[in-house]
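Q: Dropping a prediction and its sequence here:
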Amino acid sequence: MARFLLLLLLLPLTACGPVPADDDDAGDDDDDTPYVATGPWADLSFTERIAYMENIVEPAMQELFLEFDPVEFEDFGCETCHGEDADDVEYELPNGVTPISFPLDVSEPGREEFADFMDEVVKPEMAALVDEQPFPQGDFGCFACHERE
């Protein structure tokens, strides 16, 4: 009888298998555990960078761009910054983003506001996300993403 009672007490414990390891770094989990980068940007592998971009960079940039112009950037995604063939070129930059030259031509309506947004909001935020200093204090500037025209 004691064995039977012990078995009854232990049975619920054996019915539960081991808890699977949390794999949030894969970027496709259904749980609410926040993604955590595995190290600084420069030390991440290609796969780790993709996860970091999907979990940290894209949501942050999407929020900024949608706040600036929700109509123009309603379809914001990887291609917005990395070009239509981002997969084919393994997300290398610059690729497909409008080339620019200096001095900037801001004569078109809205161009000056957009240039200011890029310089004052996007550049410093993106630089911080990839552990860089924005130009002119550091090397992260317009040509990190844009080709020189």
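A: Sure, I can see it.

Q: Low-confidence stretches in the protein?
A: 1-31 (pLDDT under 70).

Q: rerun at 90
A: 1-38, 77-111, 135-149 (pLDDT under 90).

Q: Can you name the residues that contact Met61?
A: Met61 makes contact with Phe76, Thr80, Cys81, Val122, Glu125, Met126, according to C-beta atoms under 8 Å, 6 or more residues apart in numbering. C-betas here are computed from N, CA, C, even on glycine.

Q: How many neighbouring residues does the third one have?
A: Which is Cys81. Neighbour count of Cys81, defined by other C-beta atoms under 10 Å: 23.

Q: Now the helix or strand where it lies: buried residues?
A: Element membership of Cys81, judged by DSSP states H and E, is helix 78-82. Buried residues in helix 78-82, counted by 16 or more other C-beta atoms under 10 Å: Cys78, Thr80, Cys81, His82.

Q: from the contacts of Met61, which is closest to Leu44?
A: Using C-beta to C-beta, Met126 is the member of those that lies nearest Leu44, at 15.5 Å.

Q: shouldn't that closest one be in contact with Val57?
A: Yes. At 7.5 Å, Met126 counts as touching Val57 under the criterion of C-beta atoms under 8 Å.

Q: So for those two, which residues contact both of them?
A: Counting by C-beta under 8 Å, 6+ apart, nothing touches both Met126 and Val57.

Q: coming back round to it: may I see the contacts of Met61 organised as CSV, with distance to Asp139 added?
A: Listed next are those as CSV, based on distance: C-beta to C-beta, whole Å:
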residue, distance to Asp139
Phe76, 25
Thr80, 23
Cys81, 18
Val122, 16
Glu125, 16
Met126, 13
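
Q: Go through the residues you listed and name the one nearest Glu90.
A: Distances from Glu90 to those, taken by C-beta to C-beta, are shortest for Cys81, at 14.0 Å.

Q: I'd like the distance between the closest one and Pro109.
A: As judged by C-beta to C-beta, to the nearest Å, Cys81 and Pro109 stand 23 Å apart.
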